[in-house]
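Enquirer: okay, sequence plus prediction incoming.
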Number of protein chains: 2
Amino acid sequence: MTELKYDVAGLGNAIVDVIADADDAFLTANGIQKGGMTLIDDDRATALYARMGPGMEVSGGSGANTIAGVASLGGKGAFFGKVKKDQLGEVFAHDIKSLGVKFDCAPATSGPSTARCLISVTPDGQRSMSTFLGAAQNLAPGDLDLEVISASAITYMEGYLWDPPQAKEAFLLAAKTARAADRIVSLSLSDSFCVERYREEFKRLVRDEIDLLFANEAEILSLYEVDLFDEALTRVKAECKFAALTRSEAGSVIVANGEVHVIDAAKVAKVVDTTGAGDLYAAGFLYGLARGKDPVTCGRLGSMAAAEAISHYGARPLVSLAELAREQGLPL
Amino acid sequence: MTELKYDVAGLGNAIVDVIADADDAFLTANGIQKGGMTLIDDDRATALYARMGPGMEVSGGSGANTIAGVASLGGKGAFFGKVKKDQLGEVFAHDIKSLGVKFDCAPATSGPSTARCLISVTPDGQRSMSTFLGAAQNLAPGDLDLEVISASAITYMEGYLWDPPQAKEAFLLAAKTARAADRIVSLSLSDSFCVERYREEFKRLVRDEIDLLFANEAEILSLYEVDLFDEALTRVKAECKFAALTRSEAGSVIVANGEVHVIDAAKVAKVVDTTGAGDLYAAGFLYGLARGKDPVTCGRLGSMAAAEAISHYGARPLVSLAELAREQGLPL
């Protein structure tokens, strides 16, 4: 068996976020789905950006944010995602590598530019995302380092990868490789519109291939097309070894080997920008599980990391999550 | 006489800031002058960036920050500065235009890339800047729209422009054009290392060409090579019609037509990042002067804008300064 070298290997769309304030009227006028993620093409990205206010560029991408969070907790992470050899691609690579994350995917030298996610943050802290996938959609099976995946306790993939066809193949290869090495395979459903696009495929994945599922309430209700959270919970319990279902300020509900645990949300003085809440919850949970913590500790690490993420603009932690955990008396 | 169409026209280096946290040991290890601005070449920029932590990219540039602040107060601004036709150049142009600022300088299609300022923010909120000037150094007289300058109540220039030779020529042409139209010519000394580089030239400018001077305490002491603030004040009073001398938490001292006014700093709950404090003080003061406010009101608008800037990462205002002024009962 391959030696264990990484806590978590992540696959995701490699994206730079462009974050700007907006009001609800701006969302309506520009046909932006509030709270969701909409894929847009190059022309729409250009037109929408021209109408947005001044922005702040920070590395993002759901899976990449999660791996950044794992690294901030002191974990060893690796990330697979595709950028182009351009300025924003350089920013993405710099930011994730500077956290000590292994990121060796060769940047594309031709084709579309590095992916950008135009994020409009409304005064209520909600984020509405318009994503130009660009180079990210060309992540292909050949970009994976299968030895790294075999050497990772958990392989974590974002549901968004189901959008670009080659990335889906990379996803399936990574899952197969991790399973063959007896590692944990994990999926985030990413968002409820994503679940609507791929419901049947995701249901099969969850049933047959995934050991650990992350979903928020809207996503899990959409997956099973049910109205009551408890119905969704019952279904998940029957199908997954581990699941972490997040419910915003109501905290999270964890399934672990048939047992259900209910975890409080961590307190936040002021919600500034909810971008990355789910990504960072996953980071805390994954780090905990990779380090053999009990499910309740995993959930509490997730709540702590999510609370840090939503207290400022941008998805990635601004402080060391390891230090924050120590201050709060959480075991690492 | 040309019709008055703009409150302030600004000339400056068009720069995108890359902001990252650092500790004092990082500054020492990398030979970074704490609190100052050091010019670096492409190789050093690449090497230093590789050693920095994850960053956040926001439009910057001292003069551009000031014009952004004028716009945030509800003023009409124009800006002249040079970017390249690349992703960071696009970010710079988008951000300043989205505030309603006139920015029509054609981006360079060849030559060095858009300027980047690598800013290390230490836990005390101090910023230490390493600037790769790139395309910005090619701002030339031909990039100016002289009609815009003639139509601006004040033309504002950053001392940093003295570094690139062609930009210096553009500076002198702008000053001449503004004077010929009977407008106010204004200069910021930018930083004390910049003053050391060009002391004699700056002394001549201040004496012969500048109506309104902005300087912080270190800069004005360095300009006149004196130790006592009051000595510098006496010199400035004899040479400039207007001057605003900023003194961090001790507020500012204003000279206006031979009279001296002492203005308090505005309260800040927590100093996060001092980047842009001087730039935004200038924005408030310039806006006030362009709108015919008395010197004390100009200074208070400056203090308010500076306080907003240092309460968060990045130099440009995150909220509408016009609204903030109204909340604080300051006349606009």
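Expert: Perfect, thanks for sending it.
Enquirer: B:Leu99 versus the closest residue to chain B within the stretch 151-300 of chain A, what's the distance?
Expert: Closest contact between the stretch 151-300 of chain A and chain B, by Cβ to the nearest Cβ, is at A:Val272 (10.2 Å). To be clear about C-beta, it is placed using only N, CA and C from the backbone, and glycine gets the same treatment. Look at A:Val272 and B:Leu99: by Cβ to Cβ, to the nearest Å, they are 21 Å apart.
Enquirer: who in the stretch 1-150 of chain A is up against chain B?
Expert: For the stretch 1-150 of chain A, the contact set with chain B under Cβ under 8 Å from any Cβ of the partner chain comprises A:18, A:21, A:49-50, A:52-59, A:68, A:86-88, A:91, A:94-96, A:98-99, A:113-114.
Enquirer: quick check on these: which are buried?
Expert: A:18, A:21, A:49, A:52, A:54-59, A:68, A:86-88, A:91, A:94-96, A:98-99, A:113-114 (16 or more other Cβ atoms under 10 Å in any protein chain shown).
Enquirer: next step: those restricted to strands.
Expert: Within these, residues falling in strands by DSSP state E are A:Val18, A:Asp21, A:Met56, A:Glu57, A:Val58, A:Ser59.
Enquirer: looking at those residues, spot the one nearest A:Ser222.
Expert: Nearest to A:Ser222 among those is A:Val18, at 27.4 Å by Cβ to Cβ.
Enquirer: the closest one touches A:Gly53, doesn't it?
Expert: No: using Cβ atoms under 8 Å, A:Val18 is not in contact with A:Gly53; the gap is 10.6 Å.
Enquirer: residue contacts, A:Gly35?
Expert: By Cβ atoms under 8 Å, 6 or more residues apart in numbering or on different chains, the residues touching A:Gly35 are A:Gln126, A:Arg127, A:Ser128.
Enquirer: for the helix or strand hosting A:Ala238, which positions count as buried?
Expert: Assigned by DSSP states H and E, A:Ala238 belongs to helix A:229-239. For helix A:229-239, a neighbour-count test (16+ other Cβ under 10 Å) marks A:Ala232, A:Leu233, A:Arg235, A:Val236, A:Lys237, A:Glu239 as buried.
Enquirer: export those to CSV and tack on pLDDT?
Expert: Listed next are the buried residues of helix A:229-239 as CSV, based on pLDDT from 0 to 100:
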residue, pLDDT
A:Ala232, 96
A:Leu233, 96
A:Arg235, 96
A:Val236, 96
A:Lys237, 95
A:Glu239, 94
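Enquirer: that older thread, quick one: residues contacting the residue of the stretch 151-300 of chain A closest to chain B.
Expert: Counting by Cβ under 8 Å, 6+ apart, A:Val272 has contacts A:Val121, A:Gly125, A:Ile310, A:Ser311, A:His312, A:Tyr313.
Enquirer: and which of the residues you listed is nearest to B:Leu161?
Expert: Set against B:Leu161, the nearest of these by Cβ to Cβ is A:Tyr313 (31.1 Å).
Enquirer: so the closest one makes contact with A:Asp273?
Expert: Yes: using Cβ under 8 Å, A:Tyr313 is in contact with A:Asp273, at 4.8 Å.
Enquirer: who are the contact partners of the residue nearest to A:Ala265 when sequence neighbours are not counted?
Expert: Setting aside the residues directly before and after it, A:Ala265 is nearest to A:Gly251 in space (Cβ to Cβ, 6 or more residues apart in numbering or on different chains), at 4.3 Å. Each residue near A:Gly251 by Cβ under 8 Å, 6+ apart is listed here: A:Val262, A:Ile263, A:Asp264, A:Ala265, A:Ser303.
Enquirer: again with A:Gly53
Expert: Contacts of A:Gly53 by Cβ under 8 Å, 6+ apart are A:Ala20, A:Asp21, A:Ala22, B:Ser98, B:Leu99.
Enquirer: 10 Å instead, please
Expert: Listed by Cβ atoms under 10 Å, 6 or more residues apart in numbering or on different chains, the contact set of A:Gly53 reads A:Ala20, A:Asp21, A:Ala22, A:Phe26, A:Ser120, B:His94, B:Asp95, B:Ser98, B:Leu99.
Enquirer: pLDDT at it, what is it?
Expert: Note on A:Gly53: pLDDT of 93.
Enquirer: and A:His261, by the same measure?
Expert: 95.
Enquirer: surely A:Pro331 and A:Thr297 touch.
Expert: Yes: in terms of Cβ atoms under 10 Å, A:Pro331 counts as a neighbour of A:Thr297; the distance is 6.1 Å.
Enquirer: isn't A:Asp191 right up against A:Glu217?
Expert: No: using Cβ under 10 Å, A:Asp191 is not in contact with A:Glu217; the gap is 11.9 Å.
Enquirer: neighbour-wise, which of these two wins?
Expert: Remark: of A:Asp191 and A:Glu217, A:Asp191 carries more neighbours, 25 against 17, as counted by other Cβ atoms under 10 Å in any protein chain shown.
Enquirer: can you list residues touching both of A:Tyr313 and A:Asp273?
Expert: A:Ile19, A:Asp21, A:Ile119, A:Val121, A:Arg127.
Enquirer: TSV for the residues you listed, including pLDDT and distance to B:Gly31?
Expert: Shown next, in TSV, are the shared contacts of A:Tyr313 and A:Asp273 (pLDDT from 0 to 100; distance: Cβ to Cβ, whole Å):
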residue	pLDDT	distance to B:Gly31
A:Ile19	93	33
A:Asp21	92	37
A:Ile119	94	36
A:Val121	92	38
A:Arg127	89	39
